[in-house]
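Enquirer: Structure for the following, please:
(chains A and B)
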Amino acid sequence: MGDGDVILETSRLKIGYPSRKGSDSVVAEDLSLSLRRGELVCLMGPNGAGKSTLIRSLAGLDDPLAGLIELNGRDASLMSPKQRARLTSVVLTDSTPSGMFTAYSLVALGRHPHTRWTGRLRNEDRERIEWALRVVGAEDLAARQVGELSDGERQKVMIARALAQEASILILDEPTAFVDLPRRVELMRILGDLAHRVGIAVLLSSHDLELSLRCADTLWIMNSVGEIEVGAPEDLALSGKIGSVFASDKIDWDSEQGGFRLRRETTRFARVVGDGEVSLWTRRALARMGYVIRSEGDVSLSVTFDDREGDVIWNVAFLEGESNFRTLDAMVTWIKRRLLKENPPEKPDR
Amino acid sequence: MSGSNKVNATLVEGRYALSFAVLAFVTLIVLVANVCFGSALIPFREVVGSLFGAGEIDPVISGIVLDFRLPRALTALLAGAALAASGLMMQTVFRNPLADPFVLGVNSGASLGVAVVLLLLAPSGVALTQNLQFSGHLLIVLAATGGAAAVLAVLLVLAQRVDVMSLLILGLMISYGIGSLVSILMFYSMAERLQSFFSWSFGNFGNMTWSQFRVFAPVVLLGLSALFPLFKILDAFLLGERYAKSMGVKVKSARILILGSASLLAGVVTGFCGPIGFLGIAAPHFCRFLFKTAEHRILVPASMLVGGLVALTADLIAKAPGLESTLPLNAVTALIGAPVIMAALLRQRNLGKVFG
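Expert: Presented below is the predicted three-dimensional model:
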């Protein structure tokens, strides 16, 4: 994708909240970002970094403190709200009305910038509404009352409403919050399809790092002082930038596993001999008990396994001996019992 | 799918048209009944005769019909429509099912104006006819409208500075503040002065003369017709101001336009007829229940019709035809309005969640 596909571009953008007394509270400044058609961008960052402020500023809901937002090469601040509404549509975390609204009529509100003053729908409006419902897989919900929908279904309908607006940029603030994992994956697939097949630019903020790493074309990683790293998820993971933003004194970024790891105060080392699926889940089980897996150096226990077409036998070797297990659960229980014997839990003071 | 939706849409539009026709017909009947019945018993034939100037009619009787009953009925129709439309707009903009035309304190502004005239100026020697029916009433209209306009002006200035929820709270606080000023004035007033203040506060469509109606009707009709270009914007406001902005609505100017015209309607009605409660809340809810929609192109005209209908009915009951005395209008609107809202809520439980 070349530069010709850029639909939103910021230069030296400064966002935050204006104050009457002169000193604005700045959330982030000097932002130079761009969105391309056909691209799914995930904005990630810790709570309080200013993701929502950035989302609202780019969507034109809050005015930036300084700098330029260009939509299709034109200065957005010079556009009328209506012109902007034809380029950008949003899904927000704001509560939605639930009484007296069918999903269809909620989606129909998205036609607002295209209908005449009565808001009466023409055939082309109805076609677009039906298309939007179909694209998000919500055509069966059309006649349902919005109040009766589940969180995931309602989110689909809100995305359909934004699509009915016929804009080239779709901006979503935490669309997957309050939605369970299968529905979250489904929503991300829908948003990815919208970017890749329909060709609109999709920007969403999310807390779900793992899902974003798997689905996004580009990540915007915002740290706690409002600086943004931009790149393909895999590049950002390899360069350790994801780790530097999210890691804290409680968790570490594990680039090999592609996920985060709880940090423990006492460090115990273990070795797992072998690879493949069984090895992965064995490591996870040991990590859960606070073991750091290393392939060289001193370890307090070493695990080998024998995989005979699904029948796995694990062998755990300690300094003092070894033992065999048929399930990971049995292995974990046994190791835990040993650890308890070594370090009896502190009794609370009476 | 496209075809069946089109059929459904046509069906729904047909149902709407039928409901409108029925509503309009019932309103017309109640309008005629309102002109026909009153404290004096006048045969239907003579009422028609007075209206159309046919036949030999006693000038006293035709005077009652033409100069008292007709302006009164038309006032009730317009005032009801204005209050209902105003209440609908307030509910939509504040996304609150309990908002009414007076939520921003417009009626307390009016009542302060009236209290100042009746309780403060009159005792201290300002020339007021003892009988407040005619020239005195005009002064009250001016005071009430002026008071409402003053509060409205303050609110529109505030509306540019704060968000809509803060504005709602500010309006309530202004109401309480002005209410306490009024009660201080009442505390120091003589009983006979209080009596005329109370009779204003009960509401009355019957004080309207033709010369006043010639001012009242154009202002209300202007305010009502200003709503028609706002249907779509009101629909967008149902999703909240942020979504409205994202759909291309100029939120601040739209908010000022909507609140301005809603308060103007409520202020004018309060000025001429006194503070009439409940219509503004009840009529929009009844229409949502009746039409099962939140679309304003349906709800605005429907609320106007239902508001006029309820006002005419309440006035008819308040006149207590055939009985010696009359009832206070505000008591009747609440007696009709409260059960309507309760029934609608019980039949349609999600009415309270209209605004998310």
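Enquirer: Close to chain B: what parts of the stretch 151-300 of chain A are there?
Expert: Residues of the stretch 151-300 of chain A lying close to chain B (CB under 8 Å from any CB of the partner chain) are A:Gln165. Backbone N, C-alpha and C define where each C-beta goes, glycine included.
Enquirer: Which residue does the stretch 151-300 of chain A have closest to chain B?
Expert: A:Gln165 (6.7 Å; CB to the nearest CB).
Enquirer: can you give me phi and psi for that residue?
Expert: Dihedral pair for A:Gln165: phi -70, psi -10, per degrees, to the nearest 10.
Enquirer: What is the burial count for the residue of chain B found nearest chain A?
Expert: Closest to chain A within chain B is B:Gly248: 3.3 Å, counting by CB to the nearest CB. B:Gly248 is flanked by 22 other residues according to other CB atoms under 10 Å in any protein chain shown.
Enquirer: dump the residue contacts of the closest residue to it other than its chain neighbours.
Expert: Excluding its sequence neighbours, the residue lying closest to B:Gly248 (CB to CB, 6 or more residues apart in numbering or on different chains) is A:Ala85, at 3.3 Å. By CB atoms under 8 Å, 6 or more residues apart in numbering or on different chains, the contact list for A:Ala85 reads A:His112, A:Pro113, A:Gln165, A:Ala167, B:Ser246, B:Met247, B:Gly248.
Enquirer: Quick check: chain neighbours aside, which residue is closest to the first one?
Expert: Of all residues beyond its chain neighbours, the one nearest A:His112 is B:Met247 (4.1 Å), with distances taken as CB to CB, 6+ apart.
Enquirer: show me what contacts the one you found?
Expert: Residues near B:Met247 by CB under 8 Å, 6+ apart: A:Ala85, A:Ser89, A:Leu109, A:Gly110, A:His112, A:Pro113, A:Gln165, B:Ala236, B:Leu239.
Enquirer: Out of those, which is nearest to A:Asp75?
Expert: A:Ala85 (16.3 Å; CB to CB).
Enquirer: so where is the stretch 251-350 of chain A shaky, pLDDT-wise?
Expert: A:257, A:263-266, A:349-350 (pLDDT under 70).
Enquirer: just the helices in it please.
Expert: For the stretch 251-350 of chain A, the helices defined by DSSP state H, counting those that start in this stretch cover A:277-288, A:328-342.
Enquirer: re the thing from before, in terms of contact, does the residue of chain B closest to chain A touch A:Met79 like I think?
Expert: No - with contacts counted by CB atoms under 8 Å, B:Gly248 stays clear of A:Met79, the gap being 10.0 Å.
Enquirer: Can you name every helix or strand that the lengthiest helix in chain B contacts?
Expert: Counting by DSSP state H, the longest helix found in chain B is helix B:2-36. Applying 3 or more CB pairs under 8 Å, 6 or more residues apart in numbering or on different chains; DSSP states H and E, we find helix B:2-36 packed against helix A:123-135, helix B:44-52, helix B:70-94, helix B:279-291, helix B:296-319.
Enquirer: how about JSON lines for those helices, with mean pLDDT, distance to A:Thr93 and mean neighbour count added?
Expert: Shown next, in JSON lines, are these (pLDDT from 0 to 100; distance: least, CB to CB, whole Å; neighbours: other CB atoms under 10 Å in any protein chain shown):
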{"stretch": "helix A:123-135", "mean pLDDT": "93", "distance to A:Thr93": "20", "mean neighbour count": "18"}
{"stretch": "helix B:44-52", "mean pLDDT": "81", "distance to A:Thr93": "59", "mean neighbour count": "16"}
{"stretch": "helix B:70-94", "mean pLDDT": "93", "distance to A:Thr93": "20", "mean neighbour count": "28"}
{"stretch": "helix B:279-291", "mean pLDDT": "88", "distance to A:Thr93": "26", "mean neighbour count": "25"}
{"stretch": "helix B:296-319", "mean pLDDT": "93", "distance to A:Thr93": "25", "mean neighbour count": "25"}
